[in-house]
Each structure stands twice: as C-alpha cells, then as structure tokens.
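> my questions concern the predicted model and sequence given below.
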Amino acid sequence: MTFQITVQPSGHQFSCEEDETILAAAMRAGVGLPYGCKNGACSSCKGKVLAGSVTHKPHQERALSKEEEAAGMSLFCCALAHGDVVIEAREVAGSDDYPIRKMPSRVTTLEKVASDVIVMTLQLPANETLKFRAGQYIEFMLKDGKRRSYSIATAPEQDQPLTLHIRHLPGGLFTDQVFGSMKERDILRFEGPMGTFFVRDDSDKPMVLLASGTGFAPIKAIVEHLRARGSTRQMVLYWGGRRPQDLYMDALCRAWAQTLPNFRYVPVLSDLQPADHWAGRTGFVHQAVMADLPDLSGHQVYACGAPIMVESAKRDFVAQCGLPDDEFYADAFTTEADLNN
C-alpha cells in the first residue's frame, strides 16, 4: 500500500510505501529532509507529525524520548506511516544536487596517524568521479548487508583520492579489518554521498567549527572547501580530545591558523596526564566555545563528533548563548555500540 506524505511548510509531497521509512521515501523522491545516521541514534531527522499517525522502528531513547513521541515528534529515519501523513520538517536546500551512487574503490594508502586512527585514501575507477558537498559521508557496503559510515575528509575541489579518518573500535566489524588484515589495493564498495551536514555557502555569518576525535574529518573538508573558494568568512575551530595524541592533525590546524587570515584554532583537552606537558585549554570542548563566545546569536555552528558532545553543544548554545536553533548543523558519529544501547 502506498501513502502520501506532505511536508510543511514547503508543501512538498511524495509517496511512501507501508514498509518504507518516511526518510527513505523522501530520499528516493529527492525531497531534502535533514538526516545523519539513518539508524535512530543521532536525532538529525527529528520533526513533528501534524496529521496522520506513524510507528517507530527501534531507536535510541535519547534521540526520541517517549515524552517527545507522545507530543507528536518523530524520527523520520525510523517512522513507518499508517496512512497519509503531514509532517513538519526543515528541508535542506541542495541536499539532492548530487545523486547517491554505488561505486567500487581501491585502497591506495593506509597511514596510521595515531595509535587508534588511520587515514585511508580511496581511488575511484578510471574516468569516474564522486560529486559531493564538503561535510558529507559515504557508507561502505559490507557482508550480510551491513554498512559503516565515514565522513569524507577531502574537499570537493581537490583533485585527489577520497580521504577518510578511521578510528579503531576494538571488536568492530570494519575497523578490526582496517587495523588488521586490510592492505593497499584492496577493493571496497561504497554508496554516497550522504548526509545533510555540509557548509551553507549562502551565508556570511561567522562559523564555529566544533569537533571531537575523528569528527575532525568533515570539518577538515569544510575548511579546505572554503579555502579553495577564496571565502573570507570568519572561522574558529575548537577541536577536543582527551590527550594530545587525539589531535592527530594538530600541526595542520596550526598551519591553517598561520596562513588563513580568517581562521583561528583552539585545541582543548579533557583528560591530561602530567607527562603531556600541556599548556593549552582544558575541559569540555563545547564549554570552551561558551567561555570565548557567550553570544552566538549571529553565528553558525558546525559540530561533528561524539553524540554526547553534539547534544550538549546544541542544548547549551541555544539555551545559554542565544544561538538560533536552525543555525546549528551537526553530524553525530554513532557507532554500533550507540545503536545497540
């Protein structure tokens, strides 16, 4: 059975099969609903059901609480319609500009930049290119239909192989392979580009770039994209880690700060040891932003990393620093453990 989904306030409409999530149907129809993990863990696709009814597939309580669901809120990546439905959602202009493709790729390099981080580069087939927006991600297609998502750390303007930053999660289906048996010239299949976390080029507002761990990867793509375009937008990057080695491309960020007149870099560490000899900022990375920029009402924020960091930043920036809710753009890096908790 097929139902009709209407999006407000745009009035866009698309069809949805009874066994299809509202987000999947929107993506198929080229309607740009916001989304991130597609697995009910990050809350990027959260919106409201104005008319009709839905039920939700398994999802994280923190992404959609029972109280929110009772109030009509929905995670569209998990929502199955029971008839025609009217939803309220902020659509993302340009999210469907580049088609999602399935492609083979060859691993060209595996560079260990920290004890638990490898930078992987992928070469596409000859005469093939992947068009994407800075900040988007790809999904590797693994055995048994499983998938793993990684942000592209390369700017779209760069004529070079795709680059990914992969953190080792012991016991991880994919990362154990990357850190163990994978070798150069191995073939991997992926689908992409995906996600609505990308820089909004139609704004000149100052940008706060907020990253934890390998959430730096899409932030790197955004900075290099803006540099390639000759953008003069003000950017400040706050990159958080536990110890100095977690900031695995610290030297690159410091070089940006020296060469880009509109860029500042603030590294923040939360779990220092005496041997680290750290003289920089400490504590939670989003709180460092609040200390430096108590008024965010005229800014845009792009946050990427651990779900707890992203959630805390949005809550506190909006409630305490006056950031408009619709100027917070995020990609929470969910793991299989996040999905199963």
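Great, that's in hand.
> which stretches of the stretch 101-250 of the chain form strands?
Remark: strands assigned in the stretch 101-250 of the chain by DSSP state E, counting those that start in this stretch are 101-114, 117-123, 137-141, 147-151, 162-167, 187-194, 207-212, 235-241.
> those strands: which one's closest to residue 34?
Among the strands of the stretch 101-250 of the chain, the nearest to residue 34 by C-beta to C-beta is strand 187-194 (12.0 Å). Bear in mind the C-beta positions are built from the backbone N, C-alpha and C, glycine included.
> can you list contacts of the closest one?
38, 98, 100-107, 122, 130-133, 136-141, 147, 149, 152 (C-beta atoms under 8 Å, 6 or more residues apart in numbering).
> what is the rounded mean pLDDT of that strand?
On average, the pLDDT along strand 187-194 is 95.
> which parts of it are buried?
Buried residues in strand 187-194, defined by neighbour count with 16 or more other C-beta atoms under 10 Å: 188, 190, 192-194.
> just stretch 43-56 next, same as before
By 16+ other C-beta under 10 Å, the buried positions in stretch 43-56 come out as 43-47, 49, 52, 54, 56.
> give me the buried entries from the contacts of strand 187-194.
Buried, going by 16+ other C-beta under 10 Å: 38, 103, 105, 107, 122, 130, 132-133, 136-141, 149, 152, out of the contacts of strand 187-194.
> show me which of those residues is closest to residue 2.
Nearest to residue 2 out of the buried ones among the contacts of strand 187-194 is residue 38 (C-beta to C-beta; 21.5 Å).
> for the closest one, which three-state class applies?
Three-state call for residue 38 (DSSP: H, G, I helix; E, B strand; the rest coil): coil.
> state the pLDDT value of it.
On the pLDDT scale, residue 38 is placed at 83.
> likewise residue 152?
97.
> shouldn't it be in contact with residue 221?
Yes. Between residue 152 and residue 221 a contact is recorded at 5.8 Å, counting by C-beta atoms under 8 Å.
> what touches both of the two?
By C-beta under 8 Å, 6+ apart, the residues touching both residue 152 and residue 221 are residue 134.
> biggest helix in the protein by residues?
In the chain, assigned by DSSP state H, the helix with the most residues is helix 307-321.
> for residue 318, what are its contacts?
The contact partners of residue 318, by C-beta under 8 Å, 6+ apart, come to 324-325, 328.
> quick one: it from residue 80, how far?
From residue 318 over to residue 80 the distance is 30 Å, taken as C-beta to C-beta, to the nearest Å.
> grab the nearest non-local neighbour of residue 174.
Nearest non-adjacent residue to residue 174, counting by C-beta to C-beta, 6 or more residues apart in numbering: residue 148, 4.3 Å away.
> OK, contacts around that neighbour?
Residue 148 makes contact with 139-140, 142, 173-174 under the criterion C-beta under 8 Å, 6+ apart.
> per-residue confidence at it?
93.
> what's the spacing between it and residue 11?
From residue 148 to residue 11 the distance is 36 Å (C-beta to C-beta).
> with residue 218 instead?
From residue 218 across to residue 11, the span is 31 Å (C-beta to C-beta).
> more neighbours, those two?
Legend: neighbour count by other C-beta atoms under 10 Å for residue 218 and residue 11, higher for residue 218 (30 against 7).
> who's the closest residue in space to that one that isn't next to it in sequence bridged to?
Spatial nearest neighbour of residue 218, excluding adjacent residues (C-beta to C-beta, 6+ apart): residue 151 at 3.9 Å. When bridges are taken as DSSP bridges, the partners of residue 151 come out as residue 137.
> need the contact list for residue 151.
Residue 151 makes contact with 135-137, 164-165, 195, 214-215, 217-218, 221, 304, 331, according to C-beta under 8 Å, 6+ apart.
> return the member of those residues nearest to residue 263.
Closest to residue 263, out of all of the contacts of residue 151 and judged by C-beta to C-beta, is residue 221, at 14.5 Å.
> quick check: the closest one touching residue 157?
No. Counting by C-beta under 8 Å, residue 221 does not reach residue 157; the two are 10.0 Å apart.
> which of those two has more neighbours?
More neighbours surround residue 221 than the other of residue 221 and residue 157, with 26 against 12 (other C-beta under 10 Å).
> which residues does that one contact?
Taking C-beta under 8 Å, 6+ apart, one finds 134-135, 151-156 in contact with residue 221.
> reformat the residues you listed as a markdown table; add distance to residue 60.
Shown next, in a markdown table, are the contacts of residue 221 (distance: C-beta to C-beta, whole Å):
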| residue | distance to residue 60 |
| --- | --- |
| 134 | 27 |
| 135 | 22 |
| 151 | 20 |
| 152 | 25 |
| 153 | 26 |
| 154 | 30 |
| 155 | 32 |
| 156 | 31 |
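> what does stretch 273-287 contact?
Outside stretch 273-287, the residues that touch it by C-beta under 8 Å, 6+ apart are 210-212, 238-240, 243-244, 266-270, 272, 288, 303, 309, 312-313, 316-317.
> show me which of the residues you listed are buried.
Buried by 16+ other C-beta under 10 Å: 210-212, 238-240, 244, 266-270, 288, 303, 309, 312-313, 316-317, out of the contacts of stretch 273-287.
> among the contacts of residue 221, which are in helices?
Applying DSSP H to those, no entry is found in helices.
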